[in-house]
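>>> Quick one: sequence plus predicted model below, questions after.
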Amino acid sequence: MIEARDLSLTIHGETILDRVSFDMEPGTTFGLVGESGSGKSMTALAIMGLSPRGAKVSGQVLLAGSDLTRLGERDMCAIRGNRISMIFQEPMTALNPVRTIGDQVAETLLIHTRATRAEALKIAEEKLTRVGLPPDRFPLDRYPHELSGGQRQRVCIAMAIALHPELLIADEPTTALDVTTQAQILNLLRDLVEEEGMSLLLITHDLAVVADVADHVAVMQTGRIVEQGATEQLFRTMAHPYTRQLLEASSHQPDRITPPAPEPLLEVEGATRDYVLPRRSFFGPGPTFRAVKDVSFTMQTGESLGLVGESGCGKSTLTRAILGLEPLQGGEIRLFGKPMTPETAGGLRSGIQVVFQDPYGSFNPRWRVDRLVAEPFHLMPERPADWCDRVAMALREVGLPAQAMERYPHEFSGGQRQRIAIARALILRPDLIILDEAVSALDVSIRAEILDLLAALRESHGLAYLFISHDLSVVRSITDRVLVMRAGEIIEEGPTQQVFSHPAHPYTQKLIKAAPTIPAEWKEEEDA
Amino acid sequence: MRIPAQLALGAVISALFLALVALSFVWTPHEVTTLSIAEKLQPPSAKYWLGTDHLGRDLWSMLMEGGRTSIAVAIVAVGIGIGLGVPLGLAAAATRGSLLDEVIMRGNDLIFAFPSLVIAILITAVFGPSATNAILAIGIFNIPVFARVARGGALTIWTQDYILAARVAGKGAARISLEHILPNIANLLIVQGTIQFSLGILAEAGLSYVGLGAQPPTPSWGRMLADAQTFIYSEPQLAILPGLSIVLMVLGLNLMGDGLRDLLDPRIRRART
């Protein structure tokens, strides 16, 4: 039984957590939902006694009746990894790359118990088998880089459950994973909670994930729990306006737009892209890997086309080929009937721009916004004399003041940066913007705003979007037509509504089934 | 914009040294080439502010003039390293995996493979011992250091989305290296530069010690240190003073380098104000 009572946390006088209280029963899952900065991760760190330097914690965290906030560092060390353990969002960085998975799972046991190395490895083997990595297929001497993202997350879970913790904290455990992998990991966590009788504190921004997995839910906003209760009850009543707002934002659908008279804009014909892998022997060329296999599709002007696929399916490679950054080994990509290759001159290139996923990595941190937004002018023979006004105008179009020009990217929030990225894509008045997971890193409410902005710009500028994403709900809400890609091939294509309601290919069916959803009947009642 | 305190402190220390060294071109209290054996190993006095060495030369004057060689060697050697090493490293990173990259980096390994002092001895043995040849020898060994740091830093920057955005804007590898990569690895280069600067002074001291650096009677901090070792127990100030000069000079430059790095980074600069 874990209880938080009036847990507050201030950093240098600034309130981060404000009287957070909840309790968790053994064998149940408690979902903590909120947007970035709401304090959900800080709550987990405060429970673990890992709050950052300069933080002052007040209130109580009771683990089986004893107050953890009063324990010293030495006592907390005995509890962490033993009675409370944690898994993180990024399985790529949560494991030590130079140690085998067996050693890493055994480490927890060696620290907290008197087990010998052989015993610890034996238990590690059991735990890895339990999380779905049996030793005949995944020997203990594998290194993290030999595993996929989902498998690594399983290793992290094995480490976390090695000592039967009473509380497992999972901080966005599936955010970095594909939908089908996410479904598997969530199932695993659910089974573990039932079998091991532990409590799971599931921290996420995704309401659908909580609806799927959690027994109880708390919604956090700016350091406070605004609403909590049994999951179904909470979704049915939605007592607090913020909860309602979150739900609406997550299923937000921008207004539909009827595109102008269509004519072919982008034609991809039999595109094939090979990569040369590292050489196996000193002599002779290395083997090749075909990332994109004979892909063909046509986009019309003003169309919004979705490209859905899991990581490693070749969608990013295809994007770079369409942008004319990498050569094709077969087939052709044409923009307005003219071929697009790495040799293509600037004039044609200015018809196509791109917005990336990561609002933090998209900008040179040493440049001011005016220079950043004006960068595509390089495609023109010379920078127009009124470039400054045009930058200001592009910023205005994405809802930012002209004063933003004089500032640096780090002074903006994630959503604002994504607006700047859109301004940069707009500055040359392109016909096609490729949105490469452009809203995946954003909070739901910000995401809804950006989707509205994109819809408005599409209407006013007659833009076409190629919307690349692994997030099915977003693709569903913003595209007219959708392509489903797997292992370098397009396996299904059709109008978005049709593909989503009647998927023809088994893989598409699997994808759509794996995506977590909030049961429809929970919402209907609220509308009635 | 406020100037970081460490930058100011570092600049004051460095400027003080540079001013004294510059002054030595026109004036020193005593001629450093004048020997006066009768007045050897004198303690500090009104005539000899810091005393004299074993040949009766004024220590203060020697420090002023010796700084000339030491600082010149270090600055030029770091300059050679940055001037040739950074473009090579950027080129290697821009063409990563290509033949050019291999040639540059294997060439680096080749230079790294030899102990720097051995090659410096070789160079000076072939071309004759002099300060110029010492500068060249030390400078050549700075090239692979900067090439490696530049390539390593550049490789991580090349994977950033803003590089992709620049390529979508039609920019070539050379322009991207100059506009995007170089400013973002400047902090690495500044830190490495200050380290190499201090190593340069020490390397010159080492070369002078074996008689291959600046030739007598030209003083240098390194040789003063080397000469002083015979008297280290009886006259420790002979070793301490040039040693202290090296330490202070390097400290000043390190502080300045750190401050400069912060000043050049808009993320830190804004946080400060």
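Done, it's in.

>>> Every contact and neighbour count from this point should use C-alpha atoms.
Fine.

>>> Please determine whether the helix of greatest length in chain B lies in contact with chain A.
Secondary structure assigned by DSSP state H gives helix B:59-94 as the longest helix of chain B. No: against chain A, helix B:59-94 shows no contacts by C-alpha under 8 Å from any C-alpha of the partner chain, the least distance being 14.4 Å.

>>> which helices and strands sit right next to that helix?
Helix B:59-94 sits against helix B:5-23, helix B:99-113, helix B:131-158, helix B:173-176, helix B:182-209, helix B:221-227, helix B:237-264, with contacts defined as 3 or more C-alpha pairs under 8 Å, 6 or more residues apart in numbering or on different chains; DSSP states H and E.

>>> Report the mean confidence score over the last one.
Model confidence over helix B:237-264 averages 84 on the pLDDT scale.

>>> What angle do helix B:182-209 and that helix make with each other?
170 degrees (axes from the mean of the first three to the mean of the last three C-alpha atoms, to 10 degrees).

>>> what do you get for the third one?
Per the same axes, to 10 degrees, the angle that helix B:131-158 makes with helix B:182-209 is 150 degrees.

>>> How far does helix B:131-158 sit from its chain's centre?
Between the centre of helix B:131-158 and the centre of its host chain there is 12 Å, according to C-alpha atoms, centre = their mean, to the nearest Å.

>>> could you give me the average pLDDT of that helix?
89.

>>> Pull out the buried positions in that helix.
Of all the residues in helix B:131-158, those buried under the rule 16 or more other C-alpha atoms under 10 Å in any protein chain shown are B:131-155, B:157-158.

>>> Then the first one?
Using 16+ other C-alpha under 10 Å as the test for burial, helix B:5-23 gives B:6-11, B:13-14, B:17-18, B:20-21.

>>> Of those, which is the nearest to chain A?
Distance ranking of the buried residues of helix B:5-23 against chain A, using C-alpha to the nearest C-alpha, places B:Leu7 first at 19.8 Å.

>>> ok, the spatially most central residue of chain B to A:Val210 distance?
Closest to where the C-alpha atoms of chain B average out (C-alpha atoms, centre = their mean) is B:Phe197, at 1.9 Å. Here the criterion is C-alpha to C-alpha, to the nearest Å. By it, B:Phe197 lies 57 Å from A:Val210.

>>> ditto for A:Arg256
Between A:Arg256 and A:Val210 the computed distance is 29 Å (C-alpha to C-alpha).

>>> before we move on, what about A:Leu323?
Look at A:Leu323 and A:Val210: by C-alpha to C-alpha, they are 38 Å apart.

>>> do the same with B:Thr230
Separation of B:Thr230 from A:Val210 (C-alpha to C-alpha) stands at 78 Å.

>>> got it, and A:Leu277?
Counting by C-alpha to C-alpha - A:Leu277 and A:Val210 are separated by 41 Å.

>>> Then A:Gln498?
27 Å.

>>> Look at these two and report which has more neighbours.
Looking at A:Gln498 and A:Val210 with other C-alpha atoms under 10 Å in any protein chain shown, you find the greater number of neighbours at A:Val210, namely 25 against 13.

>>> Close to chain A: what parts of the stretch 151-273 of chain B are there?
For the stretch 151-273 of chain B, the residues found near chain A under the criterion C-alpha under 8 Å from any C-alpha are B:160-162, B:165-171, B:180, B:183-184, B:265-267.

>>> ok, these vs A:Arg383, which is closest?
Out of these, the one with the shortest distance to A:Arg383 is B:Ala169. That distance is 12.4 Å, counting by C-alpha to C-alpha.
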